[in-house]
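>>> Let's see this in three dimensions:
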Amino acid sequence: MRAILDVILVVLQLYVWVLIISAVFSWLYAFNVINGSNQLVATIGNTLHQLTDPVLSRVRRIVPSFGSIDISPILVILGIFLLQNIIRYYIYPNVF
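Numbers count the residues shown, from 1 in each chain. Predicted structure coming up:
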């Protein structure tokens, strides 16, 4: 059972990195640092969007809009950190 919890913790940590990379990628795309017409850049952007949009769209429905500032990735990352700490401190020690 601890192996399953370890895998869950690793997957959650990888998703945090995907969220961070997606946010940085969107900033680079918005400020025209990277070329959006490049096929590789478009593929990376599409993949990141498909990985993060299902979770972020649910959070965006709940959180009020702050104009052009999107705080949904921050809230998802904080939620993941909370979930990781709950697993580490409350669930993991009680599993045999």
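>>> for the chain, what spans make up the helices?
Under the criterion DSSP state H, helices of the chain are mapped to 2-30, 39-62, 72-86.
>>> for those, which one sits closest to Asn94?
With Cβ to Cβ as the criterion, Asn94 lies closest to helix 2-30 of these, at 10.6 Å. (Each C-beta comes from the backbone N, C-alpha and C, glycine too.)
>>> now the closest one, how far from the chain's geometric center?
Helix 2-30 sits 5 Å away from the centroid of its parent chain (Cα atoms, centre = their mean, to the nearest Å).
>>> thinking again about what came up before, mean neighbour count and mean pLDDT added to the helices of the chain, as JSON lines?
Formatted as JSON lines, these follow (neighbours: other Cβ atoms under 10 Å; pLDDT from 0 to 100):
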{"stretch": "helix 2-30", "mean neighbour count": "13", "mean pLDDT": "96"}
{"stretch": "helix 39-62", "mean neighbour count": "13", "mean pLDDT": "96"}
{"stretch": "helix 72-86", "mean neighbour count": "14", "mean pLDDT": "97"}
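>>> can you redo those as JSON lines with distance to Asn94?
Listed next are those as JSON lines, based on distance: least, Cβ to Cβ, whole Å:
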{"stretch": "helix 2-30", "distance to Asn94": "11"}
{"stretch": "helix 39-62", "distance to Asn94": "28"}
{"stretch": "helix 72-86", "distance to Asn94": "12"}
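>>> Looking at those helices, which is nearest to Pro93?
Closest among these, using Cβ to Cβ: helix 2-30, at 9.9 Å.
>>> Counting by contacts, list what the closest one packs against.
Where contact means 3 or more Cβ pairs under 8 Å, 6 or more residues apart in numbering; DSSP states H and E, helix 2-30 is packed against helix 39-62, helix 72-86.
>>> Of the ones you listed, which is nearest Leu9?
Taking Cβ to Cβ, helix 72-86 is the member of the helices and strands packed on helix 2-30 nearest to Leu9, at 5.9 Å.
>>> Alright, calling it a day.
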